[in-house]
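Visitor: Return a 3D structure for these sequence lines:
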Amino acid sequence: MLLIVASGSSHPAAAAGEQIAFKRQATAILKMDNKPVKFWEVYVAEKRGHLVLVQLGQRYLLLDTKEKEILELDPGAVEHKPKGNDVVWERSPKSEKLLESEDWALRKIGPAISIKVRLAAEGRVLEVQLPRTPDWGWVF
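Guide: You can find the predicted model right below:
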């Protein structure tokens, strides 16, 4: 019985049905394979700074820098708030897919934090640079 319960545990990023609010990061920089991306946005979770939501066109990738995992989210699970530039993600196992990732690198670069990771199945390197804030002690 214990094995059944343990195998049914949810991803550490959030419990099923939980909603996580993200704030848009207007000063973020995003690169794919060391080149700028045309249509993108970057959001950081309000209460969990280790969760970074990257929007690439209609594709959403949730980077969990604490667990060093990437989830691809169903666009229907991400709700854009009518006022402001915030989004909310409602956790549902049906709307997320764990992507294989490798070569995680988290580092300080002046007044910013760089998150660099390789999407293994695609062979592409994603890099996000965010302004450093005092509440991001989890990085180092």
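Visitor: Give me the neighbour count for the closest residue to A120 other than its chain neighbours.
Guide: Spatial nearest neighbour of A120, excluding adjacent residues (Cβ to Cβ, 6 or more residues apart in numbering): E100 at 4.0 Å. (Glycine included, C-beta is placed from N, CA and C.) By the criterion of other Cβ atoms under 10 Å, E100 has 11 neighbours.
Visitor: What of the one 4 residues further on?
Guide: Using other Cβ under 10 Å, the number of residues around W104 comes to 14.
Visitor: picking that back up, hang on, isn't the residue nearest to A120 packed against G123?
Guide: No. Using Cβ atoms under 8 Å as the test, E100 is too far from G123 to be in contact (10.9 Å).
Visitor: Not counting its own residues, what contacts whichever strand or helix holds L61?
Guide: Remark: L61 resides in strand 59-64, with elements defined by DSSP states H and E. The contact list for strand 59-64 (Cβ atoms under 8 Å, 6 or more residues apart in numbering) reads 12-13, 50-54, 69-75, 77-78, 89, 96, 99, 115, 117, 126, 128.
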